[in-house]
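Novice: Sequence first, then the predicted structure, then my questions.
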Amino acid sequence: MTVDRKSSITSTGTKVSVSLYILPFILVGSFLSIFDQFVINVAAPAIISSLHPSAAEFEGIMSGYALVYGVGLIIGGRLGDRFGRRRIYCLGLFLFAATSALCGVAQTAQHLVVARLLQGLSGAVMVPQVLALIRVSYEEKARVQALSAFGVSIGLGQIMGQVLGGWIPAWDFLGLGWRMIFLANMPICLIAAIGCRSLPPNLKAAHEAYQKRLGNLFRLFWYRGYTVGILLNICLYAAIVPFFVILGLYLQNICELSPQMAGLVFMAVGTGFVLASSAGPMLMRRYSPSHVLICGTLCTGTGILAVLLGTITGLSTAIPFVLLALFVLGIGNGTVIPISTGIVLCYLPMADAGVGGAVLTTGQQLAGALGIVFAGEFLMGDGASLASPATYVDGLTLQVCAASAALCCAVCLSRTPASTQNTQR
């Protein structure tokens, strides 16, 4: 991809030049936030055998990060607006490195739960600054390139998290096993913090304007399209996020795959995601965005349903069947995830897009975290994973229901007239 070397911005009335070659350091935050949500899915059996968590501790390890991360996003964005995006982003990177180290050295399940909660809090400080820095650091063509790279960082975080979550514990580097999935964050965060030092320090938002938008938070839900879109995303993430946790355990406990092979199986999702997201712009030009959203949600639900039916019949122990189901799921995710946020925010006035996006992201993260909590009730008992196919059937049934609810919301959203999207209350 060809990039412009520099792009001019206006921040508090001052022109500043920011090189696009600094962008990879900015995107480290978005990559690591997703990577650390997904890397633990495949590494979960290794952590269970090492720390022997109870059911509640397992849920805390798997969902505590996303729960605190989701709750803290709006506050994290506010800190960047108040004290400067570069300063808070670098602070978030240092905090993420420190809390990752705490995760890596945890000696008990309780210690790991606390460390994961703190890691989620540091992620909430770090991640809101990524899009904010892109928005204020680049204009026109450079901003389009930066936003495209942002989407790539999210996709890579998901794919590499699933793959390396199986491979890193198996490599057992220096005898650290699963601990390296957290310790590896430290040098990456420090390098990114050093690279971002060349960003201008005065990247702040207008303080009064932000306060006004935050004060009108509940007014956002007067817009029917936005409210239905929020429900769609909540149901979607409640289906997708815990599904990957369940699948990571299923592949190793029931299909008896090694962590490395389980990680490679997840590549089917990544392949479908990349193909669908690449075709997304063409589909959006040819068809209605709401219809594309419906088709993507349908594919996501079909992939989860296929795994459920395969679990009931025993067919899902056949890896080719699992690969096909995950590929369909990846097609759905690659279609729906990149456009779901944009479509929802179209139902808001431009002035409310910032806080509307923060509320949407918070809902997504909380839905995923709570979905893991409910799934964990089926997957864990007396501190050990229940290696019974019937157990996984119960958990997957919840994900199919959530995906079906997301499909219903997508249909309702398609019937909200675009001409009234900024006036409905």
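Specialist: It's in.
Novice: okay, the closest residue to Leu315 other than its chain neighbours: pLDDT?
Specialist: Leaving aside its chain neighbours, Leu315 sits nearest to Phe321 (5.2 Å; criterion: CB to CB, 6 or more residues apart in numbering). To be clear about C-beta, it is placed using only N, CA and C from the backbone, and glycine gets the same treatment. What the model reports for Phe321 is a pLDDT of 90.
Novice: What are the buried residues along the one helix or strand Phe321 maps to?
Specialist: Element membership of Phe321 [criterion: DSSP states H and E] is helix 319-345. Across helix 319-345, burial judged by 16 or more other CB atoms under 10 Å covers 321-341, 343-345.
Novice: And the next helix or strand past that helix?
Specialist: With elements assigned by DSSP H and E, the helix or strand that comes after helix 319-345 is helix 353-379.
Novice: returning to what we had before: what helices or strands is the helix holding Phe321 leaning on?
Specialist: Using 3 or more CB pairs under 8 Å, 6 or more residues apart in numbering; DSSP states H and E as the contact definition, the elements that helix 319-345 packs against are helix 224-253, helix 259-265, helix 267-286, helix 289-313, helix 353-379.
Novice: Off-centre distance for the fourth one?
Specialist: So the one you mean is helix 289-313. Here helix 289-313 shows a centroid-to-chain-centroid distance of 19 Å under the convention CA atoms, centre = their mean, to the nearest Å.
Novice: Check which helices and strands that helix sits against.
Specialist: With 3+ CB pairs under 8 Å, 6+ apart as the test, helix 289-313 has helix 224-253, helix 267-286, helix 319-345, helix 389-414 packed against it.
Novice: what do you get if the cut-off is 6 Å, keeping everything else the same?
Specialist: Using 3 or more CB pairs under 6 Å, 6 or more residues apart in numbering; DSSP states H and E as the contact definition, the elements that helix 289-313 packs against are helix 319-345, helix 389-414.
Novice: Next, format these as CSV and append distance to Leu164.
Specialist: Formatted as CSV, the helices and strands packed on helix 289-313 follow (distance: least, CB to CB, whole Å):
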stretch, distance to Leu164
helix 319-345, 17
helix 389-414, 24
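Novice: Show me the one of those helices that comes nearest Val163.
Specialist: With CB to CB as the measure, helix 319-345 is the member of those nearest Val163 (12.9 Å).
Novice: Between helix 267-286 and the closest one, find me the angle.
Specialist: Helix 319-345 runs at 40 degrees relative to helix 267-286, counting by axes from the mean of the first three to the mean of the last three CA atoms, to 10 degrees.
Novice: and Arg82, how many residues sit next to it?
Specialist: 12 (other CB atoms under 10 Å).
Novice: do the same with the one 4 residues further on
Specialist: Using other CB under 10 Å, the number of residues around Arg86 comes to 23.
Novice: who's in contact with Gly330?
Specialist: Residues touching Gly330, when contacts are defined by CB atoms under 6 Å, 6 or more residues apart in numbering, comprise Val269, Gly272, Phe273.
Novice: what's the closest of those residues to Tyr392?
Specialist: With CB to CB as the yardstick, the closest approach to Tyr392 among the contacts of Gly330 comes from Val269, at 17.6 Å.
Novice: With adjacent residues omitted, what lies nearest to that closest one?
Specialist: Nearest-residue entry for Val269: Gly330, 4.0 Å, with adjacent residues in sequence omitted and distances by CB to CB, 6+ apart.
Novice: now swap in Thr416 and tell me
Specialist: Leaving out its chain neighbours, Thr416 is closest to Gly225 (CB to CB, 6+ apart), at 4.4 Å.
Novice: Settle this for me: the one you found is touching Tyr347, isn't it.
Specialist: Yes. Counting by CB atoms under 6 Å, Gly225 touches Tyr347, with 3.2 Å between them.
Novice: And the pLDDT for the residue nearest to Val269?
Specialist: You'll see Gly330 listed with a pLDDT of 89.
Novice: same thing with Leu131?
Specialist: 76.
Novice: List of residues touching stretch 163-174?
Specialist: When contacts are taken as CB under 6 Å, 6+ apart, the neighbours of stretch 163-174 outside the stretch itself are 39, 41-43, 46, 177-178, 180-181, 259-260, 262-263.
Novice: List buried residues within the residues you listed.
Specialist: When burial is judged by neighbour count using 16+ other CB under 10 Å, the buried members of the contacts of stretch 163-174 are 39, 41-43, 46, 177-178, 180-181, 259-260, 262-263.
Novice: Distance of Pro24 relative to Met267?
Specialist: For Pro24, the distance to Met267 (CB to CB, to the nearest Å) stands at 23 Å.
Novice: Sorry, wrong one. I was asking about Leu231.
Specialist: In this structure, Leu231 and Met267 are separated by 31 Å, where distance is defined by CB to CB.
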